[in-house]
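1. Kindly return the folded structure for what I paste below:
(one chain, ligands or ions: 2)
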Amino acid sequence: MKHFEKANPELSDRVPPGQYLAKGFPVLTYGDTPDIQTADWQLRIWGLTSPRTLTWDDMMSLPQHDFTADFHCVTRWSKLDVKWTGIKLTDFLAQIDLDPKTTHVLQHCYGGYTTNVPLADFSRDENFLAHTLFGEPLPAPHGGPMRTVIPHLYAWKSAKWINGLEFLSSDRMGFWERNGYHHRGDPWTEERYSN
Ligand SMILES: Nc1nc2c(c(=O)[nH]1)N[C@H]1C(S)=C(S)[C@@H](COP(=O)(O)O)O[C@H]1N2
Ligand SMILES: [Mo]
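-> Residues are numbered from 1 along each chain as shown. Ligands and ions are numbered 1, 2, ... in the order given. Next up is the predicted model:
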């Protein structure tokens, strides 16, 4: 019989199945890292909402919060207790008019990356548009100046260099979803790949 003990049972409760704790905070990007200044940054919203373009100042005028979240990449690394600052997605959604027929959100990014999320997952209380990481302006490799953070799903759903939200009445796959990854991506049930 093997005596195999998890180093810290409390911590292991926070690490989803098949995940390992990363040293540092790895960067995982498909393609080039866009170079976007806050003065040029814009967030366009369209689909089942009145089309609007929001600027950096628009976002800074919304309530700002610090939050701590765990981060789980489908390539099997997790990082616990990442400290972010940003705007709650619920606060953001509360000040746009959304057609009640909306069921899904397709996030668009500078550089062309996209990822889809059901509205029920997108509008959770713990989700953020983040612009600060561990007290510093969010570095470009981690998605600065602005990214989403959706902690309860695999991190490919947390869109770096976000520049658009498209509100939809049915699901439409994003970049990794079209390439075989799961439509939803719950790390606790290992929704890694679609089949
Ligand atoms: N625009 C964009 N967003 C992205 C990605 C990407 O390649 N482009 N990679 C995703 C993946 S797979 C992960 S694990 C996280 C990685 O975030 P990090 O580089 O800050 O660790 O960003 C996600 N968001
Ligand atoms: Mo990832």
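
2. Only C-alpha atoms from now on, for both contacts and neighbour counts.
-> OK.

3. Phi, psi for residue 31 please.
-> For residue 31, the backbone dihedrals (degrees, to the nearest 10) come out as phi 90, psi -160.

4. ok, now which ones touch residue 98?
-> The contact partners of residue 98, taken as C-alpha atoms under 8 Å, 6 or more residues apart in numbering, are 48-50, 167.

5. gap between it and ligand 1?
-> Counting by C-alpha to the nearest ligand atom, to the nearest Å, the gap from residue 98 to ligand 1 is 24 Å.

6. do the same with residue 105
-> Counting by C-alpha to the nearest ligand atom, the separation of residue 105 from ligand 1 is 15 Å.

7. Repeat that for residue 38.
-> According to C-alpha to the nearest ligand atom, residue 38 stands 16 Å off from ligand 1.

8. Am I right that that residue is in contact with residue 58?
-> No - at 11.5 Å, residue 38 does not count as touching residue 58 under the criterion of C-alpha atoms under 8 Å.

9. neighbour-wise, which of the two wins?
-> It is residue 38, of residue 38 and residue 58, that has more neighbours when counted by other C-alpha atoms under 10 Å, with 14 against 11.

10. give the contact list for the more buried one.
-> With contacts defined as C-alpha under 8 Å, 6+ apart, residue 38 is in contact with 56, 145.

11. So what does it have for phi and psi?
-> Taking degrees, to the nearest 10 as the convention, residue 38 sits at phi -60, psi -30.

12. Check it and give its pLDDT.
-> In the prediction, the pLDDT value recorded for residue 38 is 98.

13. Same check on residue 153?
-> pLDDT, residue 153: 98.

14. how about the nearest residue to it, chain neighbours excluded?
-> In space, residue 153 comes closest to residue 186 once its chain neighbours are excluded; the distance is 4.8 Å by C-alpha to C-alpha, 6 or more residues apart in numbering.

15. and the gap between the one you found and residue 158?
-> Going from residue 186 to residue 158 by C-alpha to C-alpha, to the nearest Å gives 13 Å.

16. more neighbours, these two?
-> Neighbours of residue 186 and residue 158, each counted by other C-alpha under 10 Å, are more numerous for residue 158; the result is 25 against 18.

17. what's that one in contact with, if anything?
-> Taking C-alpha under 8 Å, 6+ apart as the contact definition, residue 158 lies against 147-151.

18. Export those to JSON lines and append columns for neighbour count.
-> Output for these, formatted as JSON lines (neighbours: other C-alpha atoms under 10 Å):
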{"residue": "147", "neighbour count": "23"}
{"residue": "148", "neighbour count": "24"}
{"residue": "149", "neighbour count": "26"}
{"residue": "150", "neighbour count": "26"}
{"residue": "151", "neighbour count": "20"}
